[in-house]
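# need coordinates for the following:
(one chain, ligands or ions: 1)
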Amino acid sequence: MEKTRHAKLNLDRVDNADRLAERALDVFCEDASRAIQEKGVFTVALSGGHTPVRFFELLGSSEQANSVKWDSVHLFWVDERFVSPDSEDSNYGLAASTFLDKVGIPEQNIHRISGEETEYSKAVDQYEDQIKSVFDLAAGEKPQFDLLVLGMGADGHIGSLYPNSVVLFDTEDIVSPVYFMGENINRITLTYPVIRKAEHILIMISGRGKAETLRDVLTSEPDEVRYPVHTLWPILEKVTWLVDQEAAQYLEDY
Ligand SMILES: O=C(O)[C@H](O)[C@@H](O)[C@H](O)[C@H](O)COP(=O)(O)O
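Below you'll find the predicted structure:
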C-alpha cells in the first residue's frame, strides 16, 4: 500500500464497534469536561447514521456520561434530513430515542434542525439564527464548535457534504440545504468552513464496508469533490480518526 503523506494523522484504531463507542464516549466526556472547566460551556454537533448508535446509547446509560454537566452542554447537529423529527430517518430522532431524555440537558440547549419545514430556506435561516445566538456571532462570523462528531459514508461524504455537489463550494454560509435529484431525501448541513473551524473533530468509521474507501481516502491526492472528507486535510492535526479493525483492515502501515 502506498504510504500516506499525512504525518499529522491521529489514528485511534480499536478492536471492534463496541470499543469504538466506548472511545467516542471518552472523547465526548473529556472534551466536555475541558470546555466546561475553561469557559463554562460545551458546544457539540452530532451526525446521524448507524455508526454512532451505540455511542449515543452509552450517552444515555453510562455512569461516565452521567458525570457530564449537561446543563452546560449546547447540542447541535452537523446535518439533518428533511423529514419530521419522529421519522426513523431523522438525526434528531435518533438522539431522542437513544439519550436525550435520559440526560439532564435543558430543553433550550437542544438546537435541532427543523427537518419538517417544507420551505427549506426557513429551516436554514432558523438553524443559522440558533447558532448565531448561542455563539453570539457578529455578521459574517463562523461559529467554532468545541467538538464535531462525524461519520464517513462509503462514498467519502461527511455531514451532508456529498461528492460532486454544489454545497462543497459554499464558503459564505454557516448552514446550507443539499438537494438531490431522484430518490434521496434532501438534507441540510453545516458548511465546510464551519467544519474546518471546529476546535476538535472526531470521525467514527466502522465496518468492512468502509475499508476500501478509507484506504483510498488516506492514500490518494486530496480532492474534496471526489472525497468530501478531504475537506479535513488542511486541519488534520485537529481530527481524531476513530476506526475499528474491520474498517482499518487495509491500513497495514498504521
Ligand atoms: O446523517 C447522516 O447520515 C450523516 O450525518 C452522514 O454523514 C453519516 O455520518 C455517514 O453517512 C455515515 O453513516 P453510517 O454511520 O450509517 O455509515
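# can you pull out the low-pLDDT segments for this protein?
Applying pLDDT under 70 to the chain flags residues 1-7, 253-254.
# how far away is the residue nearest to I105 when sequence neighbours are not counted from D18?
The shortest distance from I105 to any non-neighbouring residue, by C-beta to C-beta, 6 or more residues apart in numbering, is to W70 (4.4 Å). Placement of C-beta: from N, CA and C, glycine included. Note on W70: its distance to D18, by C-beta to C-beta, to the nearest Å, is 24 Å.
# which SS state does the closest residue to G209 other than its chain neighbours fall under?
Nearest in space to G209, with sequence neighbours left out and distances taken as C-beta to C-beta, 6+ apart, is A154 at 5.6 Å. Three-state assignment for A154 (DSSP: H, G, I helix; E, B strand; the rest coil): coil.
# the more surrounded of W70 and D18?
W70 (18 against 12; other C-beta atoms under 10 Å).
# the more buried one: what's it in contact with?
Contact analysis of W70 by C-beta atoms under 8 Å, 6 or more residues apart in numbering lists 103-106, 109.
# any quick PyMOL command for the buried ones out of these?
In PyMOL, this line selects whichever of those come out buried by 16 or more other C-beta atoms under 10 Å:
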select buried, resi 103+105+109
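# neighbours of the nearest residue to A17 once chain neighbours are set aside, how many?
Leaving aside its sequence neighbours, A17 sits nearest to S206 (C-beta to C-beta, 6+ apart; 5.1 Å). Residue neighbour count, defined by other C-beta under 10 Å, stands at 25 for S206.
# would you check that S206 makes contact with T51?
Yes - with contact defined as C-beta atoms under 8 Å, S206 counts as touching T51 (4.9 Å).
# identify the contacts common to these two.
L20.
# re earlier: next up, phi/psi of the residue nearest to A17, please.
Main-chain dihedrals, S206, degrees, to the nearest 10: phi -140, psi 140.
# and it, what does it touch?
17, 20, 51, 243-244, 246-247.
# and which of those is nearest to the ligand?
Distances from the ligand to those, taken as C-beta to the nearest ligand atom, are shortest for T51 (3.2 Å).
# what's the distance between that closest one and D101?
In terms of C-beta to C-beta, T51 sits 22 Å off from D101.
# so which of the two has more stuff around it?
Under the criterion of other C-beta under 10 Å, the comparison of T51 against D101 puts T51 first, with 25 against 11.
# could you list every residue that touches L75?
With C-beta under 8 Å, 6+ apart, L75 has these contacts: 44-46, 95, 105, 109-111.
# looking at these, which is nearest Y179?
A45 (21.5 Å; C-beta to C-beta).
# near the ligand, which residues of this protein?
Residues of the chain lying close to the ligand by C-beta under 6 Å from any ligand atom are 47-51, 78-79, 91, 151-153, 157-159.
# who wins for most neighbours among those?
Neighbour max across the residues of the chain next to the ligand (other C-beta under 10 Å) = G159, 30 neighbours.
# where does the residue nearest the centre of the chain sit: helix, strand or coil?
Residue closest to the average C-alpha location in the chain (C-alpha atoms, centre = their mean): L150, at 2.8 Å. Classification of L150 by three-state DSSP places it in strand.
# what's opposite it in the beta bridge?
Assessed by DSSP bridges, L150 has beta-bridge partners I203.
# is it true that it touches M204?
Yes - look at L150 against M204 with C-beta under 8 Å: they come within range, at 7.2 Å.
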